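> pasting a predicted model and its sequence here:
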Amino acid sequence: MIKKLLSLYQNSILFPSKPKNPSERFLYFCNESEDEWIGIPKTELNERELNLLTVLYTLVEFPSSNLHPTVKAWHDFLYSNGPMPSHLAGNSLRIIQFNINGAETNQPEIESALKGFFTEDIIIIWEGGSRGIVIEEKNTMSLSEEEILSMSETLESDFYVKISFYIGKPILFSGQSPGKFHQEREYFTFALSQMGLFNIFTFERVLPAYLAYQLSPELKAKVSQEIIDLFNEDYEMFSTIKVFLENNLNASMTAKKLYIHRNTLQYRIDKFVEKTGISLKDFYGAFTVFLACLLYEQKK
């Protein structure tokens, strides 16, 4: 499979095994089942292509030769099965992933700005030109989700880019940490490719869409087709119901986000309930409709 990429990216290079002298000009992907490796020039991949390739293959990160020793130790630990960095043994950590979508990224300026939002030292590791992670120790987990959202908005206005964050769960620092990080990394990659460019992603926000995406066609077909048909007829109905559910059935907040009057919102909700017979005030009804929203969104 991976050999077919050679015809799409003519300057790419196929390797019989893991590259021994990787170039910083390339991104390297591995098909683990076939032990195939390919290097593709970074300049030939746009953000959408990169997200798609990381879903299909394993993106293998090689540390830069001029990394700070502490950063290199963490890079080797998380990405290359390296030994545990000794200075954090026994503590907890949180990994916040970020992705920048926009003009060419000025990494030193972005990194300096990120560090300015945190109260103590953090470790930043870049994955290519526009994606990276922030590692916080237990005593430096200072920013809440609302504060990280505010940080993303500030960075966007300062650098004229769209930046998305995935806020990882605090985890105990151990030999299992890389595996937990890579699971969160998979969620973030999925979110970027399937859920649009939101500012903040979390496990709770991504998991329902991730599970809906993994359903077999047979199971997807069992979700109420009546709801899907209604959304096909009236896209405005879909967007209204989804935002209403995402905002915990809060009418005022939903109307504000949709820029509509509360009476208009209530009319659309009543119309949906009348046509489907499903009450959104019931947990099971709301769950069923939200699942239908996710499947409809992915299908679109």
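It's in. Residues are numbered from 1 along each chain as shown.
> which neighbouring elements make contact with the longest strand along the chain?
Longest strand of the chain, by residue count under DSSP state E: strand 92-102. If contacts are counted by 3 or more C-beta pairs under 8 Å, 6 or more residues apart in numbering; DSSP states H and E, strand 92-102 sits against strand 131-137, strand 161-167, strand 171-172, helix 177-194. Where C-beta positions appear, they are placed from N, C-alpha and C, glycine not excepted.
> quick one: the strands in this protein, in order.
13-15, 26-31, 36-41, 58-60, 92-102, 123-127, 131-137, 161-167, 171-172, 200-202.
> quick one: closest of the ones you listed to Arg48.
strand 92-102 (9.5 Å; C-beta to C-beta).
> per-domain residue ranges of the chain.
Domains of the chain are assigned by automatic domain parsing as 2-60, 69-210, 216-299.
> need the per-residue pLDDT for Leu280.
Per-residue pLDDT puts Leu280 at 94.
> residues near it, how many?
If you count neighbours by other C-beta atoms under 10 Å, Leu280 ends up with 18.
> over to Glu137?
Taking other C-beta under 10 Å as the criterion, the count of residues near Glu137 is 17.
> what bridges to it?
Judged by DSSP bridges, the bridge partners of Glu137 are Leu93.
> roughly how far apart are Gly285 and Gly277?
Separation of Gly285 from Gly277 (C-beta to C-beta, to the nearest Å): 9 Å.
> counting neighbours around each, name which of the two comes out higher.
Neighbours were counted for Gly285 and for Gly277 using other C-beta under 10 Å; Gly285 has more, 15 against 10.
> right, and the more buried one touches Val273 too?
No: under the criterion of C-beta atoms under 8 Å, Gly285 makes no contact with Val273, lying 9.0 Å away.
> give me the common contacts of these two.
Common neighbours of Gly285 and Val273, using C-beta atoms under 8 Å, 6 or more residues apart in numbering, are Ser279.
> I figured Gly82 was touching Asp76, is that so?
Yes: using C-beta under 8 Å, Gly82 is in contact with Asp76, at 2.9 Å.
> can you tell me how far Asn46 sits from Leu155?
Per C-beta to C-beta, Asn46 is found 21 Å from Leu155.
> hmm, I typed the wrong one, I wanted Leu219.
On the measure of C-beta to C-beta, Leu219 and Leu155 end up 39 Å apart.
> give me the more crowded residue out of the two.
More neighbours surround Leu155 than the other of Leu219 and Leu155, with 21 against 11 (other C-beta under 10 Å).
> got a pLDDT number for the more buried one?
Per-residue pLDDT puts Leu155 at 92.
> beta partners of the closest residue to it other than its chain neighbours?
Distances taken as C-beta to C-beta, 6 or more residues apart in numbering place Ile163 nearest to Leu155, at 5.2 Å, with adjacent residues excluded. Taking DSSP bridges as the rule, Ile163 bridges to Ile100.
> so what's the residue nearest to the spatial centre of the chain up against?
Residue closest to the average C-alpha location in the chain (C-alpha atoms, centre = their mean): Phe188, at 2.3 Å. The contact partners of Phe188, taken as C-beta under 8 Å, 6+ apart, are 97, 99, 166, 201, 206.
> try 6 Å
Residues near Phe188 by C-beta atoms under 6 Å, 6 or more residues apart in numbering: 97, 166.
> just to revisit the earlier point, worst average pLDDT in the domains of the chain?
With a mean of 83, domain 2-60 has the lowest mean pLDDT of the domains of the chain.
> any idea how far apart the tips of that one sit?
Terminal residues of domain 2-60 lie 14 Å apart, using C-alpha to C-alpha, to the nearest Å.
> also stretch 164-171?
From start residue to end residue, stretch 164-171 stretches across 21 Å - C-alpha to C-alpha.
> touching that stretch from outside, list them.
For stretch 164-171, the external contacting residues (C-beta under 6 Å, 6+ apart) are 92, 94-99, 148, 152, 177, 180, 184, 188, 200-202.
> these, buried ones only, as a PyMOL selection?
Entered in PyMOL, the line below selects the buried ones among those, by 16 or more other C-beta atoms under 10 Å:
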select buried, resi 92+94+95+96+97+98+99+148+152+177+184+188+201+202
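> what's the closest of the contacts of stretch 164-171 to Tyr9?
Asn99 (21.2 Å).
> check contacts around the closest one.
Contact partners of Asn99, counting by C-beta under 6 Å, 6+ apart, are 131, 164, 192.
> want to throw those residues into a markdown table with distance to Lys18 and neighbour count?
Below are those laid out as a markdown table (distance: C-beta to C-beta, whole Å; neighbours: other C-beta atoms under 10 Å):
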| residue | distance to Lys18 | neighbour count |
| --- | --- | --- |
| Arg131 | 21 | 24 |
| Ser164 | 30 | 21 |
| Leu192 | 26 | 25 |
